[in-house]
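# Got a predicted structure here, sequence first:
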Amino acid sequence: MNHHSLRVIDHPLVQHKLTLMRMRETTTDNFRRLLREISQVLAYEVTRDLPTAMVRISTPLTEMFSPLISGKKLCVVSILRAGNGMLDGVLDFMPAARVGHIGLYRDPQTLQAVEYYFKMPTDISERLVVVVDPMLATGHSAIAAIDRLKAAGATSIRFVCLLAAPEGVTAVYQAHPDVVIICAARDEYLNDHGYIVPGLGDAGDRLFGTR
């Protein structure tokens, strides 16, 4: 595994909030709020190396040159349904970004991703694409989403998740070594049902109260 392809954000506030999310007794509303808050920090990290250009501005006191983000525009892509739990937090940091959605579900027998929805901005090839999904487990959904985005013309993609399993990280790296993965924690392993351990359960169920 190329360590440059995985960034684990181990900031104390992120880890504190993640611990609260892992707890079985955390309520749906608190789980949703904590995911949004962590997503804001992850959005900060995913945009850390965006290029800037110096522009001349006027402050109330004088004129000066100051940096503004330049280069590619942004597109945030949510993998439905759990990705929507991260979407608002990321958009808090990138309010001008366009938004795309990919609908995928995991076949319970094969654990493979099955697509049922795909809607993207028409100029996706000109944008930095930030894919969000709370859990990177087997990697099948992430790989299917990235495959589809590249087929649609995307050339610059980053994947942001809350938890990543080693199996999923390795699978994404082998399929798409150019895609950087940013997460709050790299957990231990996948169980026989494809769930991340120690994990936090089914993120979608906990987000939407369907557990």
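Yes, it's here.
# Would you mind finding the longest helix in the protein?
Longest helix in the chain by number of residues, with DSSP state H as the criterion: helix 28-46.
# Please identify the buried residues of whichever helix or strand comes after it?
If you walk from helix 28-46 toward the C-terminus, the next helix or strand you reach (DSSP states H and E) is strand 52-58. When burial is assessed from 16 or more other CB atoms under 10 Å, strand 52-58 yields no buried residues. Glycine gets a C-beta too; all of them are placed from N, C-alpha and C.
# strand partners of strand 52-58, parallel vs antiparallel please.
Strand 52-58 has its sheet partners listed here by DSSP bridges as strand 63-69 (antiparallel).
# Kindly export the partner strand (C-alpha atoms) in CSV.
C-alpha atoms of strand 63-69 as CSV (Å, rounded to 0.1, in the frame of the first residue of the first chain):
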residue,chain,number,x,y,z
GLU,A,63,-4.7,47.7,-0.9
MET,A,64,-2.9,44.3,-0.8
PHE,A,65,-2.3,41.1,-2.7
SER,A,66,-4.1,38.1,-1.1
PRO,A,67,-4.7,34.5,-2.2
LEU,A,68,-7.9,33.1,-3.7
ILE,A,69,-8.4,29.5,-4.8
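# Make 38 the starting number, not 1.
Taking 38 as the first residue, the last one we looked at is strand 100-106.
# So what's the gap between that strand and the chain middle?
Relative to the centre of its chain, strand 100-106 is centred 29 Å away, using CA atoms, centre = their mean, to the nearest Å.
# again with stretch 140-149
On the basis of CA atoms, centre = their mean, the separation between the geometric centre of stretch 140-149 and that of its chain is 19 Å.
# quick check: mean pLDDT across it?
Rounded to a whole number, the mean pLDDT of stretch 140-149 is 78.
# can you check stretch 197-217 too?
For stretch 197-217, mean pLDDT is 95.
# now swap in stretch 90-107 and tell me
Taken as a whole, stretch 90-107 has a mean pLDDT of 94.
# how deep is the nearest residue to residue 192 once chain neighbours are set aside tucked in, by neighbour count?
Counting by CB to CB, 6 or more residues apart in numbering, residue 162 is the residue found nearest to residue 192 once chain neighbours are left out, at 6.2 Å. Close neighbours of residue 162, defined as other CB atoms under 10 Å, add up to 15.
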